[in-house]
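Trainee: Structure here, sequence nowhere to be found:
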Ligand SMILES: O=C(O)[C@H](O)[C@@H](O)[C@H](O)[C@H](O)COP(=O)(O)O
């Protein structure tokens, strides 16, 4: 059952990124205690990549068993593998190359070196997610194991940045991706944010996650954040759509918080 979002407001973007990093480290440790391994879905963007740098710089980072963390991405730019625009490359430079991760657990979406179209890369990513779900199902010895494997592995935390136009991952207002109801991954063309071709998890996929963390800084995001938290329609305001099954956290800085509905600030900020 999905619950209402909670908002936690931080004085500025560097405090925000350090705080998200601390939360993430703690969360991964907790999930590993319970399940032995943990799965995180990363995002690109300033706060997404800045948070990964903050994790790498944290003295608490060694508390996580990085060899038992599965990494996926919410979206990726469909460009050559070595392109500096790749979210996966930026994540590698900021964090993954500094940690004892298991390369087999790093699930980078395919690049334009591997496939001719973003749709083919999206299908490939969906297939790999399905295979991970099947492997997880086969390894699950618990009594409450479902009869059939799902199409997605357990996603413990999904990180999502928000664009000034309120996009999340590569789901842009009014475009096909945000309307998708069936597929877990879509190919994107004509992204208003360059580069134009991308692949993205869809809302139905994101919303299987236990926790969704919306990570946002900057005044240019205030309108999008305000509309999303006021309950706008996700087709026009994609950031209004993501919901974790147990928690949806908005981790934002003061600049991004100026249009958060007052009742939410009062209701959630104190207890966040
Ligand atoms: O590929 C991307 O561009 C991102 O995944 C995208 O969804 C990003 O998270 C937002 O655009 C916020 O980016 P900023 O934090 O840089 O504004």
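Mentor: Okay, I see it. Here the structure is a predicted model, which is why all the values come from computation and not from measurement. Numbers count the residues shown, from 1 in each chain.
Trainee: can we go C-alpha only for contacts and neighbour counts from here?
Mentor: Noted.
Trainee: Figure out the length between the terminal residues of stretch 135-144.
Mentor: 16 Å (C-alpha to C-alpha, to the nearest Å).
Trainee: Run through the stretch 151-272 of the chain and note the low-pLDDT ranges.
Mentor: 266-272 (pLDDT under 70).
Trainee: Could you give the number of residues near residue 95?
Mentor: A count of neighbours around residue 95, defined by other C-alpha atoms under 10 Å, yields 20.
Trainee: so who does it touch?
Mentor: Contact partners of residue 95, counting by C-alpha atoms under 8 Å, 6 or more residues apart in numbering, are 52-53, 55-56.
Trainee: What separation is there between it and residue 234?
Mentor: Taking C-alpha to C-alpha, one finds residue 95 at 31 Å from residue 234.
Trainee: Report the spatially nearest residue to the residue in the stretch 1-150 of the chain that the ligand sits nearest to, omitting neighbours in sequence.
Mentor: For the stretch 1-150 of the chain, the residue closest to the ligand is residue 45, as judged by C-alpha to the nearest ligand atom, at 3.4 Å. Closest residue to residue 45 apart from its sequence neighbours, by C-alpha to C-alpha, 6 or more residues apart in numbering: residue 161 at 6.4 Å.
Trainee: repeat for residue 191
Mentor: In space, and not counting its chain neighbours, residue 191 is closest to residue 197: 6.4 Å by C-alpha to C-alpha, 6+ apart.
Trainee: now do residue 130
Mentor: For residue 130, the spatially nearest residue (C-alpha to C-alpha, 6+ apart) is residue 151, at 4.5 Å.
Trainee: is it true that the one you found touches residue 137?
Mentor: No. Taking contact to mean C-alpha atoms under 8 Å, the distance of 10.5 Å between residue 151 and residue 137 leaves them out of contact.
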